Every structure is written in C-alpha cells, then in structure tokens.
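Participant: coordinates only, no sequence provided:
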C-alpha cells in the first residue's frame, strides 16, 4: 500500500522518538520530520492538540494521529513492508515484547526527565541524576539476565526485533547518567551489532537535524 502522508513529531535525544525513527528506518519509510523544542510554546501547543499528554513521539499517518512509541512501532510493523519486527512464532513474539516492555515500562519512566525533575524538587540538587544512575544499573542488570536467555547476534536470535528497537536508547541513557554497565556484556555486544546496521546509524540522535551542537 502507499505510504501516504507521514509526519513524525520528534526530539533528537528522546528515547521514545528514537525507537520510532529506528522502526521507520528499518522499513525504509520516508517521512516528514518535525523537530519539537520543549521550550517553544507554539510548538508545544501543537503537540498538545495532537496528544493531550504532551509526549513525543507523535506519528501522523494520512491524518490519523498515533501516540505511544511501542504502539507506533507495532503499527509501523503491521502497515509497512519490510523486515518484520515481531517474530512469527508466538513464544519469540512474546519474548520480544517482554524485553521491550521491560525497557519502556520498568526502566525508562523511572529515569525520565519528568521523574528526575520532580526528584530534584523533592530531595534536592543532584538527587535526580543519582536516582537515574541507580535505577538504570538495576534495570539493566535484570535486562542482561533476560536477554542472555534468548540472545544470538541480537536480542532474539539473529534477527532484529522490537526488543532491539528499544535497546540503544536505554544504554545511551545509562552512560549519560554514569551508570556502570561494564559487566553487561550481552547487552553491549548486541548494541555493537546493532550500531553497524545502517538503519540504526541513521536513527541515532547525533545524526538528527535538531541534535545539539557539541
């Protein structure tokens, strides 16, 4: 089917937007990228008109508004041609979803920008970063044990799945907040394998037009 009109509201270093960019790149889908600044009131008003939570990413496909990064990725997997991100075998499909949900539901929200800002307000300066480092290490330790049971070249054997779409951003965040991930050899090796793929390279935050200048 025709891709139709496809607009992605994104932020270069948003973990959730990063997942969607990877999925679109894997499928080879062309889209219009609309970079959003959290400090731009006009842009945020537009975002809120599309998604009342004010969260990014938002994908607009032929006028239909899609929100929630995992829900968007599964939509992309169903609608567009290209490599499938969810395995055909039910058990492996479950494993891909379980790993993705561990990252996006059990780790990511607890170290998010909103969570850290609130912790800074409640507990004092530096406490948000301290919490993020602790939580990321603990969550990734659990993830290492999960993935070790299914890993091949990637998280589920030797084919890229939904689980892999979610992995790079959480490891990036762990390094950003100085969490010690040196012992998570399975995750690091998978990350290296994914980084060699053109789709993952193209979706990286530093390759986006709105990436902060260093």
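Facilitator: Received the coordinates, thanks. Computed from a predicted model, the values in this text were never measured in an experiment. Residues are numbered from 1 along each chain as shown.
Participant: how many residues are close by residue 21?
Facilitator: Neighbourhood size, residue 21 [other C-beta atoms under 10 Å]: 25. C-beta: built from backbone N, CA, C; applies to glycine.
Participant: secondary structure class for it?
Facilitator: Here residue 21 is helix, with the state taken from DSSP: H, G, I helix; E, B strand; the rest coil.
Participant: give me the buried positions along the helix or strand hosting residue 130.
Facilitator: According to DSSP states H and E, residue 130 maps onto helix 127-147. Going by neighbour count (16 or more other C-beta atoms under 10 Å), the buried part of helix 127-147 is 128-129, 131-133, 135-137, 139-141, 143-144, 146-147.
Participant: my guess is residue 210 contacts residue 35. True?
Facilitator: Yes. Counting by C-beta atoms under 8 Å, residue 210 does reach residue 35; the two are 3.6 Å apart.
Participant: could you chop this structure up by domain?
Facilitator: Here the domain parsing of the chain from automatic domain parsing is 6-84+201-207, 90-197.
Participant: kindly reformat those domains as a markdown table containing mean pLDDT.
Facilitator: Listed next are the domains of the chain as a markdown table, based on pLDDT from 0 to 100:
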| stretch | mean pLDDT |
| --- | --- |
| domain 6-84+201-207 | 96 |
| domain 90-197 | 89 |
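Participant: who has more neighbours out of residue 210 and residue 35?
Facilitator: residue 35 (17 against 14).
Participant: for that one, give its distance to residue 189.
Facilitator: Distance, residue 35 to residue 189, by C-beta to C-beta, to the nearest Å: 32 Å.
Participant: show me where the protein has strands.
Facilitator: 6-10, 32-35, 58-61, 64-67 (DSSP state E).
Participant: format those strands as TSV; extra columns: distance to residue 182.
Facilitator: Listed next are the strands of the chain as TSV, based on distance: least, C-beta to C-beta, whole Å:
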stretch	distance to residue 182
strand 6-10	31
strand 32-35	33
strand 58-61	36
strand 64-67	36
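Participant: okay, how far is it across stretch 47-61, tip to tip?
Facilitator: 15 Å (C-alpha to C-alpha, to the nearest Å).
Participant: which residues sit against it?
Facilitator: Under the contact criterion C-beta atoms under 8 Å, 6 or more residues apart in numbering, stretch 47-61 has outside partners 4-11, 14, 16-17, 19-20, 31, 36, 44, 65-67, 69, 72, 75-76, 79.
Participant: just the buried residues of that stretch, please?
Facilitator: 47, 51, 55, 56, 57, 58, 59, 60, 61.
Participant: skipping adjacent residues, who's closest to the spatially most central residue of the chain in space?
Facilitator: In the chain, the centroid-proximal residue (C-alpha atoms, centre = their mean) is residue 19; its distance is 3.4 Å. Distances taken as C-beta to C-beta, 6 or more residues apart in numbering place residue 69 nearest to residue 19, at 4.7 Å, with adjacent residues excluded.
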